[in-house]
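[1] Structure, please.
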Amino acid sequence: MEEVIYALASPAPPASLVLLRLDGTGAANLAENLFTAETTSLVPRSPSLVDLIWDTEAPPVPCLAISWKKGASWTGNEGVELLLPGAVALVDGIFVRLEKEGARLAQPGEFTRRAFMSGRIDLSRAESVAALIAAEDRASLAAVRRVLEGELAQGIGSVADSLLDVIAVIEAGLDFSEQEVESPGSEGARTLLEPILVDLDHLLARRQWTVSPEGVPRILLWGRANAGKSSLFNALLGKEQAISSPEAGTTTDAVRGILHEQERQIEILDLPGQRTAQGEVELLALERAATLLKGDDPILWVIDASRAEEQIEKEGATIPSQFQSRLRPVLTQIDRISARSLEIYPEAPRVSSITGEGIDQLFRELFRWTSVNAGQQRSDAIRFTRRQWRLVDDCRGRLGQAIEDADRGPELLVADLRAALALLEEVTGESTPEDVLDRIFSRFCLGK
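    Coordinates of the predicted model:
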């Protein structure tokens, strides 16, 4: 039994009209208590023109009312919507009357949360209600609509079903090992999981988000091995978070960090340097970096300034054309070239992670850059939130690691695959912790 909650589902008064939403057990009877005695009872799903009493000493006002029975509304509960004049005094008076009748003002996102809890929508669609409100253009609206129509949930569900099939095959090997049903080793696991990895990569490549509390802008640090990316990463963060070494190839997977400037944040990723992979783990890390680079994030191309200019020019000529619009160069290790000038890329920042020269200026420039470059917009994009995209990305990484560790035994492989499956279930809300739900729905408007 749900208590009756109320909130405006339209901009606050003063306004020509406002939409007032009620939800919960007995919502229709409660609304009828606000009507004049001459008004007939509400007929579900049939709009009625009624007279609404907002103040006992003032004349009633006309109002258009519509109600839904339990199970027929968007939230799954009994509900009522009232369309009425948007005068401040009138709306305040109705709120007072609703409180006296036993209703309470809804918490942010409470209507959408009720829809999620009753199984009317999955969590990915619930989160997209907030994204729809924040959409800044038609491309963004189209990306959100794809989630609201279930495209993200369908994609996740398809991958989850495939993963469950793989788990079933491997567990059959455990349950019926006496009948010589074998469990796959590393190569067998790769064969089984490769189609799933392809589907996840396709899904990840369609992401789109904005600069918002739930979508912190991100910058990728990218370049040749030993160009100084990890040292620059540490200098920007002001702490030793990534391993830096004169030896090339010390970064074998993306390392995350957060930059802070007052109320703003930027996530930066130190990607593995461009090189030939030495082993399966390194190959997997480079493949994941390539997937990130195919997205829509701004790329900071880190260049070792101590190299010959013709070598740098040759490196620049090999950069894929699709990177150009979102790539900016930065010349590092300038403390090593004090004896000569550097004319290449004159617009690029010059920095030294050793002396600190240029670091503060670059720090400020990154915030200016992300304020106007939130990422390219794809025509087939899906509006992921950061939480959703990271869960899918972590699932992809967990599956890749499961392949590498498959030779340790089928029991551990099944455990890894179930952990990956749990990450997907968090996207749709099947296994989302309560505190995460609280944080998600707290970002909503009251009437949503």
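
[2] Secondary structure of Leu342: a helix, I assume?
    No - read with DSSP: H, G, I helix; E, B strand; the rest coil, Leu342 is coil and lies in no helix.

[3] where exactly do the strands run in the stretch 101-250 of the chain?
    When secondary structure is read from DSSP state E, counting those that start in this stretch, the stretch 101-250 of the chain shows strands at 104-105, 218-223.

[4] looking at the ones you listed, which is closest to Pro11?
    Comparing these by their distance to Pro11 (CB to CB), the top pick is strand 104-105, with 16.5 Å. Heads up, the C-betas are built off the backbone N, CA and C, glycines and all.

[5] helices or strands next to that closest one in the packing?
    In terms of contacts (3 or more CB pairs under 8 Å, 6 or more residues apart in numbering; DSSP states H and E), strand 104-105 is packed against strand 5-8.

[6] other SSEs contacting the strand it packs on?
    For strand 5-8, the elements it packs on are strand 15-23, helix 88-100, strand 104-105, helix 110-117, judged by 3+ CB pairs under 8 Å, 6+ apart.

[7] Just the residues contacting the shortest one, thanks.
    What that stands for is strand 104-105. Outside strand 104-105, the residues that touch it by CB atoms under 8 Å, 6 or more residues apart in numbering are 3-7, 95, 99, 446.

[8] re the thing from before, pick the most buried one from the helices and strands packed on strand 5-8.
    Ranked by mean neighbour count under mean count of other CB atoms under 10 Å, the helices and strands packed on strand 5-8 are led by helix 110-117, which reaches a mean of 23.

[9] which secondary structure elements does that helix contact?
    Judged by 3+ CB pairs under 8 Å, 6+ apart, helix 110-117 is in contact with strand 5-8, strand 15-23, helix 123-134, helix 434-441.

[10] let's go with 6 Å and repeat that
    In terms of contact count using 3 or more CB pairs under 6 Å, 6 or more residues apart in numbering; DSSP states H and E, helix 110-117 is assigned the packing partners helix 123-134.

[11] pLDDT at Arg340, what is it?
    On the pLDDT scale, Arg340 is placed at 56.

[12] Same list (the strands of the stretch 101-250 of the chain) but as JSON lines, adding distance to Gly119 and mean pLDDT.
    Compiled in JSON lines, the strands of the stretch 101-250 of the chain are given as follows (distance: least, CB to CB, whole Å; pLDDT from 0 to 100):
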{"stretch": "strand 104-105", "distance to Gly119": "24", "mean pLDDT": "92"}
{"stretch": "strand 218-223", "distance to Gly119": "33", "mean pLDDT": "88"}
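
[13] deepest of these, which one?
    Here the criterion is mean neighbour count by mean count of other CB under 10 Å, and of the strands of the stretch 101-250 of the chain the winner is strand 218-223, at a mean of 23.

[14] To what extent is Ile299 buried, counted in neighbours?
    Residues within reach of Ile299, counting by other CB atoms under 10 Å, total 23.
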